[in-house]
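**Q** I'll drop the sequence and a predicted model, then ask my questions.
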Amino acid sequence: MKIYTRTGDDGTTGLFGGGRRSKADLRVEAYGTIDEANATIGVARATGLPSDLEAVLQDVQSDLFTLGAELGCEPGAESKLKMALIDAADAQRLERAIDAADDGLAPLKSFVLPGGSAGASALHVARCVTRRAERLVIALDAESKVRKDVIVYLNRLSDLLFAFARRANHMASVPDVPWHPRHQAASGISGNMRSRTASARIRRPR
């Protein structure tokens, strides 16, 4: 079987159950972004994550293929997939993994900057792509009803990836970097600028 079929050369793609859609169609964008999230998780796994995280993420990648298959169907044709779809139990499984990852971590007292170890950084990228997939699925739901379990799973997955990023940093002995909001300077001049201005006055010859 050849990889290329030429059937998409006109800018359309086929959905399972019949019918073709533009590759710019919102449904195609949604399941394509789920595929992108899956790929970024694969990159994160390639960094050498702790084994307990690795086992969960392997299952997550399979889950995302299931989600993509469902969204890649013509509406109403999902039953023809003949596979168990993502349900509430899968989101609960992710919640248990989040709780386990959080165990022993320092309590969050501020937002943290994405980054740290290579594994944590890759997990943050996967989290952002998953959030984008969630937004697209919600947009799709507004025009073509999507099962709530799909949206809940994606929402929980982004939380999982955040928790796993923190766990990966912890296991690598890399501290999270807190975000420090910038303070508005009085009179529109930063404290640093005021200090330099004052120093210039002191040094200026009289």
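**A** Yes, it's here. Residues are numbered from 1 along each chain as shown.
**Q** Going by C-alpha atoms from here, please, whenever you check contacts or count neighbours.
**A** OK.
**Q** Spatially central residue in this protein, please.
**A** residue 127 (2.3 Å; CA atoms, centre = their mean).
**Q** If you average the pLDDT over the helix or strand encompassing that one, what comes out?
**A** Residue 127 belongs to helix 118-143 when elements are defined using DSSP states H and E. For helix 118-143, mean pLDDT rounds to 97.
**Q** Give me the helices and strands touching it, please.
**A** Using 3 or more CA pairs under 8 Å, 6 or more residues apart in numbering; DSSP states H and E, the elements in contact with helix 118-143 are helix 26-45, helix 148-171.
**Q** I'd like those written out as CSV, with distance to residue 131 added.
**A** Below are the helices and strands packed on helix 118-143 laid out as CSV (distance: least, CA to CA, whole Å):
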stretch, distance to residue 131
helix 26-45, 9
helix 148-171, 6
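**Q** Residue 106 is nearest to which of those?
**A** helix 148-171 (9.3 Å; CA to CA).
**Q** distance between the closest one and the chain's centre?
**A** 8 Å (CA atoms, centre = their mean, to the nearest Å).
**Q** what sits up against that helix?
**A** 49-50, 53, 67, 86-88, 90-91, 94-95, 97-98, 101-102, 105, 116-117, 119-121, 123-124, 126-128, 130-131, 133-134, 137-138, 175-176 (CA atoms under 8 Å, 6 or more residues apart in numbering).
**Q** Would you agree residue 146 falls within a strand?
**A** No. With DSSP: H, G, I helix; E, B strand; the rest coil as the criterion, residue 146 is coil rather than part of a strand.
**Q** That one against residue 136, yeah?
**A** No. Using CA atoms under 8 Å as the test, residue 146 is too far from residue 136 to be in contact (11.1 Å).
**Q** rewinding a little: compute the inter-axis angle for the helix holding residue 127 and helix 148-171.
**A** Interaxial angle, helix 118-143 versus helix 148-171 (axes from the mean of the first three to the mean of the last three CA atoms, to 10 degrees): 170 degrees.
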